[in-house]
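# from the sequence below, what's the structure:
(one chain, ligands or ions: 2)
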Amino acid sequence: MKAVHFGAGNIGRGFIGLLLSQAGYEVCFVDVNEDFVSQLQKRGEYPVTLASDGQETVMVNNVTALSSVTHAAEVVAAIAEADLVTTAVGVSILKFIAGAVADGISKRVAVSAAPLHIIACENAIGGSAQLKELVHAKLDEDTRRKADASVAFPNAAVDRIVPLQKHDDILKVVVEPFYEWVVDSSQMIPGYTPIEGVHYVENLEPYIERKLFTVNTGHCSAAYLGYLRGYETIQQAMADEPLTALVREVLEETGAVLVQKHGFDKAEHSKYIDKILERFRNPALTDEVSRVGRSPLRKLSPNDRLVSPALQACERGLSYTALTRSMAAALLFDVTDDPEAVELQAAIAELGVEAAVTKYTGLAADHEIHQSVMAEYGKLKK
Ligand SMILES: NC(=O)C1=CN([C@@H]2O[C@H](COP(=O)(O)OP(=O)(O)OC[C@H]3O[C@@H](n4cnc5c(N)ncnc54)[C@H](O)[C@@H]3O)[C@@H](O)[C@H]2O)C=CC1
Ligand SMILES: O=P(O)(O)OC[C@H]1O[C@](O)(CO)[C@@H](O)[C@@H]1O
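Ligands and ions are numbered 1, 2, ... in the order given. Sure thing, here's the model as predicted:
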């Protein structure tokens with residue numbers, strides 16, 4: 001079985017590539033990073049080490065790579081022949097790979113009706129659906145009709161903490177032992193071979209919301225609040241008990257929404273929160289605040305980990321003040337090598353913070369959540 005995976009970065013190598021290779025796939029990574037591509041081509045394998053007491057290392061083999069820049073035709077041919085296409089490039093990068101995916105589909109459906117599943121493994125609600133829209137916009141009508149019958153884009157939720165990697169071996173990845181990959185089976189077409197380690201569910205919404213609004217909401221809250229207190233790593237921030245209490249408060253707010261909306265058991269959800277906080281603290285990892293807080297505009301956007309649960313809490317008459325504190329902290333995330341943080345700071349300077357909040361969160365100035373963000377921003381500024 002053949003898989004083409006876009007993004008040979010941390011999640012690509014440390015999670016998706018690992019599971020696919022162990023499931024018997026021949027994995028072809030596609031990346032813009034020529035160093036990753038040439039090393040993967042040359043070695044055909046790479047090591048993944050678990051950040052746990054035993055520090056166990058497994059070799060991921062049966063892998064190769066292509067450059068999305070210099071091997072464009074080969075990438076299209078690989079997609080045309082693949083059984084599975086996956087991505088872990090960042091949701092904002094999907095638009096740049098959509099052309100190659102569309103060309104691969106066009107080449108494929110012209111000669112074959114064999115099923116192809118395309119799964120975006122990004123931190124976003126409806127990541128594969130977003131990719132489908134970008135890809136379908138590039139297909140002619142006849143190809144789109146054929147693709148509708150044989151090419152599926154099931155949404156997914158992926159969870160594994162993989163920090164920035166700093167090793168002599170550029171392919172080596174250190175990952176936390178925990179992982180969860182949940183795929184929406186209702187969007188699949190006949191002929192799909194399940195991947196071992198993947199959890200298939202008929203309704204993804206509870207899973208993606210639980211993951212995004214707990215792991216990701218909590219993680220970015222720790223990063224933004226930690227940044228304001230001068231911490232460089234999440235491990236340092238999580239050793240600060242008052243800060244951890246603030247993060248827990250945020251997760252209690254999102255938890256109340258999740259329990260009410262999806263019917264999760266309250267006690268079980270509380271244990272889930274404890275486990276997540278423990279994962280953030282993992283002493284065998286060094287996870288930088290700047291990585292976990294990266295891309296604050298994406299994280300402040302209406303459908304993402306802060307604004308969406310706050311809106312849902314508000315609609316249900318539940319508390320959202322801790323969430324707006326995290327949003328306010330995100331507005332103060334002034335990391336100069338993060339392009340989105342730079343854009344956010346420039347917008348605040350140019351438009352004023354009130355208008356910048358509306359611009360990026362979609363919340364009108366008279367919305368009660370917007371007003372709460374402003375109040376929390378005022379307190380944090382002091
Ligand atoms: N690192 C983590 O702990 C987790 C990350 N994710 C999600 O996984 C996705 C990837 O994150 P990371 O692996 O951390 O990022 P990363 O930056 O380590 O990897 C992204 C890779 O995509 C490549 N890339 C960029 N543009 C490309 C293009 N046009 N064509 C092909 N490759 C391209 C980059 O060169 C890089 O190797 C993001 O959506 C993130 O939100 C999800 C769960 C956990
Ligand atoms: O690009 P994003 O959304 O910050 O993705 C990385 C996040 O995903 C996670 O891996 C959680 O699955 C966290 O490590 C991190 O907060």
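# whichever residue of the chain sits closest to ligand 1 - nearest residue in space that isn't next to it in sequence?
Nearest residue of the chain to ligand 1 (Cβ to the nearest ligand atom) works out as Gly9 at 1.8 Å. For glycine as for every other residue, the C-beta is placed from the backbone atoms N, C-alpha and C. Distances taken as Cβ to Cβ, 6 or more residues apart in numbering put Ala88 closest to Gly9, at 6.6 Å, once the chain neighbours are dropped.
# phi first, then psi, for that neighbour.
Dihedral pair for Ala88: phi -150, psi 70, per degrees, to the nearest 10.
# now do the same for it: its pLDDT.
We have a pLDDT of 98 for Ala88.
# Arg13 is in contact with that one, correct?
No - judged on Cβ atoms under 8 Å, Ala88 makes no contact with Arg13 at a distance of 9.0 Å.
# neighbours around the residue nearest to Gly9, how many?
By the criterion of other Cβ atoms under 10 Å, Ala88 has 27 neighbours.
# dump the residue contacts of it.
Shown in contact with Ala88 (Cβ atoms under 8 Å, 6 or more residues apart in numbering): 5-7, 9, 11-12, 15-16, 121-122, 158.
# kindly present the residues you listed as a markdown table, with separate columns for neighbour count, secondary structure and pLDDT.
Shown next, in a markdown table, are these (neighbours: other Cβ atoms under 10 Å; DSSP: H, G, I helix; E, B strand; the rest coil; pLDDT from 0 to 100):
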| residue | neighbour count | secondary structure | pLDDT |
| --- | --- | --- | --- |
| His5 | 29 | strand | 98 |
| Phe6 | 30 | strand | 98 |
| Gly7 | 26 | coil | 98 |
| Gly9 | 19 | coil | 98 |
| Ile11 | 28 | helix | 98 |
| Gly12 | 25 | helix | 98 |
| Phe15 | 25 | helix | 98 |
| Ile16 | 28 | helix | 98 |
| Cys121 | 24 | coil | 98 |
| Glu122 | 25 | coil | 97 |
| Val158 | 23 | strand | 98 |
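# so can I have JSON lines of the residues you listed showing distance to Gly293?
Shown next, in JSON lines, are the contacts of Ala88 (distance: Cβ to Cβ, whole Å):
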{"residue": "His5", "distance to Gly293": "26"}
{"residue": "Phe6", "distance to Gly293": "24"}
{"residue": "Gly7", "distance to Gly293": "20"}
{"residue": "Gly9", "distance to Gly293": "17"}
{"residue": "Ile11", "distance to Gly293": "17"}
{"residue": "Gly12", "distance to Gly293": "21"}
{"residue": "Phe15", "distance to Gly293": "21"}
{"residue": "Ile16", "distance to Gly293": "23"}
{"residue": "Cys121", "distance to Gly293": "21"}
{"residue": "Glu122", "distance to Gly293": "17"}
{"residue": "Val158", "distance to Gly293": "19"}
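# longest helix in this structure, by residue count?
In the chain, assigned by DSSP state H, the helix with the most residues is helix 241-262.
# list the buried residues of that one.
Neighbour-count burial for helix 241-262 flags 243-244, 246-251, 253-259, 261 (criterion: 16 or more other Cβ atoms under 10 Å).
# what does stretch 193-211 give?
195, 198, 200, 204, 206-211.
# give me every residue in this protein lying close to ligand 1.
Proximity of the chain to ligand 1, by Cβ under 6 Å from any ligand atom, involves residues 6-12, 30-33, 68, 88-91, 93, 96-97, 122-123, 158, 160-162.
# do you know the pLDDT at the residue nearest to the spatial centre of the chain?
Central residue of the chain (Cα atoms, centre = their mean): Asn123, 2.2 Å from the mean position. Predicted confidence (pLDDT) at Asn123: the value is 94.
# quick one, domains of this structure?
2-203, 206-381 (automatic domain parsing).
# now tabulate those in CSV and tack on distance to ligand 2.
CSV is the format used below for the domains of the chain (distance: least, Cβ to the nearest ligand atom, whole Å):
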stretch, distance to ligand 2
domain 2-203, 4
domain 206-381, 4
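# about what we covered before: quick one: name whatever helix or strand follows the longest helix of the chain.
helix 266-281 (DSSP states H and E).
# next secondary structure after that next one?
helix 289-292.
# downstream of that next one, the next helix or strand is which one?
Counting by DSSP H and E, the next helix or strand C-terminal to helix 289-292 is helix 296-299.
# other SSEs contacting that following helix?
Judged by 3 or more Cβ pairs under 8 Å, 6 or more residues apart in numbering; DSSP states H and E, the packing partners of helix 296-299 are helix 321-331, helix 339-351.
# export those as JSON lines, with columns for mean neighbour count and distance to Thr64.
What follows is the helices and strands packed on helix 296-299, written out as JSON lines (neighbours: other Cβ atoms under 10 Å; distance: least, Cβ to Cβ, whole Å):
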{"stretch": "helix 321-331", "mean neighbour count": "25", "distance to Thr64": "39"}
{"stretch": "helix 339-351", "mean neighbour count": "16", "distance to Thr64": "31"}
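# please produce a markdown table containing these, extended by mean pLDDT.
A markdown table is the format used below for those (pLDDT from 0 to 100):
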| stretch | mean pLDDT |
| --- | --- |
| helix 321-331 | 98 |
| helix 339-351 | 98 |
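# which one of those lies closest to Gln22?
Nearest of those to Gln22, taken as Cβ to Cβ: helix 339-351 at 34.3 Å.
# alpha carbons only: can I get the closest one in PDB?
What follows is helix 339-351, C-alpha atoms only, in PDB (Å, rounded to 0.1, in the frame of the first residue of the first chain):
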ATOM      1  CA  PRO A 339       4.800  36.400  11.400                       C
ATOM      2  CA  GLU A 340       1.200  36.300  12.900                       C
ATOM      3  CA  ALA A 341       2.400  37.800  16.200                       C
ATOM      4  CA  VAL A 342       4.100  40.600  14.200                       C
ATOM      5  CA  GLU A 343       0.900  41.200  12.200                       C
ATOM      6  CA  LEU A 344      -1.200  41.200  15.300                       C
ATOM      7  CA  GLN A 345       1.000  43.700  17.100                       C
ATOM      8  CA  ALA A 346       1.100  45.900  14.000                       C
ATOM      9  CA  ALA A 347      -2.700  45.800  13.800                       C
ATOM     10  CA  ILE A 348      -3.100  46.700  17.500                       C
ATOM     11  CA  ALA A 349      -0.700  49.600  17.000                       C
ATOM     12  CA  GLU A 350      -2.500  50.800  13.800                       C
ATOM     13  CA  LEU A 351      -6.200  50.100  14.600                       C
END
